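*Asks:* predicted model and sequence follow; I will ask about them next.
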Amino acid sequence: MKQAIEGVYKRNDWGDSVLYGVACSCGDNDHDHNVWVEADDTGVNVTVYTEVKSQWWKLNRWQQIWRLLTRGYVEYEATIAMSEQQALNYADTLTQAVKNVKQFQATKST
C-alpha cells in the first residue's frame with residue numbers, strides 16, 4: 001500500500017475519504033501523524049492527528065497528578081520534521097486527495 005514517494009504514504013482509500021500516514025524524518029514512529037481527507041455534504045475536510053505520549057521521565061507521578069488537578073490538563077507536544085522533498089510530497093498529496101474526494105463525492109451524488 002505504500003507509495004514510492006518520500007515520507008507520505010496512503011494507508012487506506014474509501015473513495016470519499018482517504019487516510020495518509022506522514023513519517024517524521026527522524027525515523028521515530030512516535031512522531032508520525034495521520035491525515036484524513038474527507039468529502040461530505042458540507043465540503044472537504046482535512047484532519048491531521050497524532051498520538052501524543054507523556055514524557056513521564058521528566059516529571060514524577062505526583063508532579064503529573066498535581067498539574068492535572070491544578071490545571072485540568074497535562075501538556076503534551078507533538079512535532080514532525082520533514083525534508084524539503086517530503087514537504088513537497090505532502091502538499092502534492094493533499095492537493096490531489098482533496099481533488100479526488102471532491103470528484104468522488106460529486107459522482108456519488110449524481
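*Replies:* On my side now, so go ahead.
*Asks:* show me the contacts for the residue in the chain sticking out farthest from the centre.
*Replies:* Distance from the centre of the chain peaks at residue 62, with 31.6 Å (CA atoms, centre = their mean). Listed by CB atoms under 8 Å, 6 or more residues apart in numbering, the contact set of residue 62 is empty. Bear in mind the C-beta positions are built from the backbone N, C-alpha and C, glycine included.
*Asks:* for stretch 94-101, buried residues please.
*Replies:* 94, 97, 98, 100, 101 (16 or more other CB atoms under 10 Å).
*Asks:* for the fourth one, which residues are in contact?
*Replies:* Looking back up the chat, that one is residue 100. Residues in contact with residue 100, defined by CB under 8 Å, 6+ apart, are residue 18.
*Asks:* how about the second one?
*Replies:* Neighbouring residues of residue 97 by CB under 8 Å, 6+ apart: 18, 20, 37.
*Asks:* count the neighbours of the last one for me.
*Replies:* Neighbours of residue 37 under the rule other CB atoms under 10 Å: 24.
*Asks:* from residue 90, how far off is the spatially closest residue to residue 32 that is not a sequence neighbour?
*Replies:* Closest residue in space to residue 32, ignoring its immediate chain neighbours: residue 23 at 5.2 Å, by CB to CB, 6 or more residues apart in numbering. Using CB to CB, to the nearest Å, one gets 10 Å for the distance from residue 23 to residue 90.
*Asks:* quick revisit: ok so the residue farthest from the centre of the chain is a strand residue?
*Replies:* No - looking at residue 62 with DSSP: H, G, I helix; E, B strand; the rest coil, it is helix, so not inside a strand.
*Asks:* max-length helix in this structure?
*Replies:* helix 84-108 (DSSP state H).
*Asks:* mind checking the pLDDT average for that one?
*Replies:* In this model, helix 84-108 has a mean pLDDT of 88.
*Asks:* next: stretch 36-46.
*Replies:* Stretch 36-46 comes out at a mean pLDDT of 87.
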